[in-house]
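Colleague: pasting the structure only:
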């Protein structure tokens, strides 16, 4: 039986820029086998786009709520997202807003 791939977008709020959050998210995603990207947003949040299974999504959500040691995660908002084929093969850190 094929496992369904889900597309989800997370917006992480708190002290999450300038504390290594994107690198933390990239390491977690690669370890979990999640495709997608992470990027800083102009409003101070971090966006994480993930393509993965429901189980991988649960594990990634837990990691994002924890964050790296210097971060302070106040909240993690989550919404369904469209499937972006450009990001289906790997997980990257995006530098553009």
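Modeller: It's in. In this text the structure is predicted, and so the values were computed from the model without any measurement.
Colleague: Can you pull out the low-pLDDT segments for the chain?
Modeller: Scanning the chain for pLDDT under 70 picks out the ranges 1-2, 97.
Colleague: quick one: the spatially most central residue of it and residue 72, what's the gap?
Modeller: In the chain, the C-alpha nearest the mean C-alpha coordinate belongs to residue 48, at 3.0 Å (C-alpha atoms, centre = their mean). Between residue 48 and residue 72 the distance, using C-beta to C-beta, to the nearest Å, works out to 17 Å. All C-beta atoms are positioned from the backbone trio N, CA, C, and that covers glycine.
Colleague: Kindly report the same for residue 44.
Modeller: Distance from residue 44 to residue 72, counting by C-beta to C-beta: 12 Å.
Colleague: who touches both of the two?
Modeller: The contact sets of residue 44 and residue 72 overlap at residue 16 (C-beta atoms under 8 Å, 6 or more residues apart in numbering).
Colleague: can you count the residues close to the nearest residue to residue 51 once chain neighbours are set aside?
Modeller: When the adjacent residues along the chain are set aside, residue 51 lies closest to residue 35, with 4.3 Å between them (C-beta to C-beta, 6 or more residues apart in numbering). Using other C-beta atoms under 10 Å, residue 35 is surrounded by 20 other residues.
Colleague: This structure: helices as residue ranges?
Modeller: According to DSSP state H, the chain carries its helices in the segments 21-32, 54-66.
Colleague: Now do the shortest one and helix 54-66, the angle between them.
Modeller: Between the direction of helix 21-32 and that of helix 54-66, the angle (axes from the mean of the first three to the mean of the last three C-alpha atoms, to 10 degrees) works out to 150 degrees.
Colleague: Which positions in helix 21-32 come out as buried?
Modeller: Of the residues in helix 21-32, 21-22, 24-26, 28-29, 32 count as buried by neighbour count, 16 or more other C-beta atoms under 10 Å.
Colleague: got it, and the last one?
Modeller: Using 16+ other C-beta under 10 Å as the test for burial, helix 54-66 gives 56-57, 59-61, 63-64.
Colleague: quick check, nearest of those residues to residue 82?
Modeller: Sorting the buried residues of helix 54-66 by how near they are to residue 82, with C-beta to C-beta, puts residue 57 at the top with 15.6 Å.
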